[in-house]
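> What follows is a protein structure lacking sequence information:
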């Protein structure tokens, strides 16, 4: 690995970087609401540090706006850029989708979070989401989406029911979820504390 290009771009990327897709974002698109590429790479590297480099590849797709050029609804975890008001300040945020895939059994991902600020707490939210997705193979009752590709079990997922996800908060700050939007999960609801790794 003496070649500088191979040091910057590993031939064996982490499971988080391997499946990363991002639209051009605010760099070159006047429709984009957030910068997608930098955020996607930073989040992937943070997840690698926190969760390690083992596990099945995970697709994470970033779209800077509702146009969806990053195909956020056909990824294991999808991010759609938006802007929100937090304490009187407009900040970058994402709506988060899970469970999408392409191919013969294609399915659109379902939105599970409406507005998560793109700050240092985003990695906490996504790391707990990844843990929940991967634990589906272990029959975890509060898992959000049971996708056998994520769990690595090779078994069929249980049919999902529509559930309502309550408003989540990080450090007492509401993540402003749309309570009327359908949420996907096995049976029951997912509370904010369960989602963020609490009891």
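Nice, thanks for sending it over. These numbers come from a predicted model, not from an experiment.

> shaky segments in this protein?
Within the chain, the stretches with pLDDT under 70 are 1, 136-199.

> What are the boundaries of the strands in it?
With strands called from DSSP state E, the chain shows them at 19-22, 59-63, 77-86, 89-98, 110-117, 161-163, 169-170, 173-174, 183-185.

> Can you list the strands that the fourth one pairs with?
It stands for strand 89-98. strand 77-86 (antiparallel), strand 110-117 (antiparallel) (DSSP bridges).

> Could you do the first one as well?
Here strand 19-22 has these sheet partners by DSSP bridges: strand 59-63 (parallel).

> contacting residues around the strand it pairs with?
Residues from elsewhere that reach strand 59-63 (C-beta atoms under 8 Å, 6 or more residues apart in numbering): 16, 19-23, 25, 36-37, 39-40, 43-44, 69-72, 74-81, 94, 101. Every C-beta, even on glycine, is put in place using the N, C-alpha and C of the backbone.

> switch the cut-off to 6 Å
19-23, 36, 40, 69-72, 75-80 (C-beta atoms under 6 Å, 6 or more residues apart in numbering).

> next one: stretch 32-47
16-17, 20, 22-23, 25-26, 62, 64-65, 81-83, 92, 118, 123.

> what about burial for those, which qualify?
16-17, 20, 22-23, 25-26, 62, 64-65, 81-82, 92, 118, 123 (16 or more other C-beta atoms under 10 Å).

> for residue 9, phi and psi?
Main-chain torsions, residue 9, degrees, to the nearest 10: phi -130, psi 90.

> which residues sit in contact with it?
No contacts exist for residue 9 under C-beta under 6 Å, 6+ apart.

> measure it to residue 94 for me?
As judged by C-beta to C-beta, to the nearest Å, residue 9 and residue 94 stand 25 Å apart.

> buried sites along the top helix by length along the chain?
Longest helix in the chain, counting residues (DSSP state H): helix 36-51. Using 16+ other C-beta under 10 Å as the test for burial, helix 36-51 gives 36, 37, 39, 40, 43, 44, 46, 47, 51.

> and if you look at stretch 60-73?
Here stretch 60-73 shows 60, 61, 62, 63, 64, 65, 69, 70, 71, 72, 73 as buried, counting by 16+ other C-beta under 10 Å.

> Next: stretch 28-36.
Result for stretch 28-36 [16+ other C-beta under 10 Å]: buried residues 32, 33, 34, 35, 36.

> Endpoints of it, how far apart?
This stretch, stretch 28-36, spans 11 Å end to end (C-alpha to C-alpha, to the nearest Å).

> How about stretch 50-65?
28 Å.

> returning to what we had before: okay if I get the strands paired with strand 89-98 as CSV plus distance to residue 128?
Shown next, in CSV, are the strands paired with strand 89-98 (distance: least, C-beta to C-beta, whole Å):
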stretch, distance to residue 128
strand 77-86, 12
strand 110-117, 11
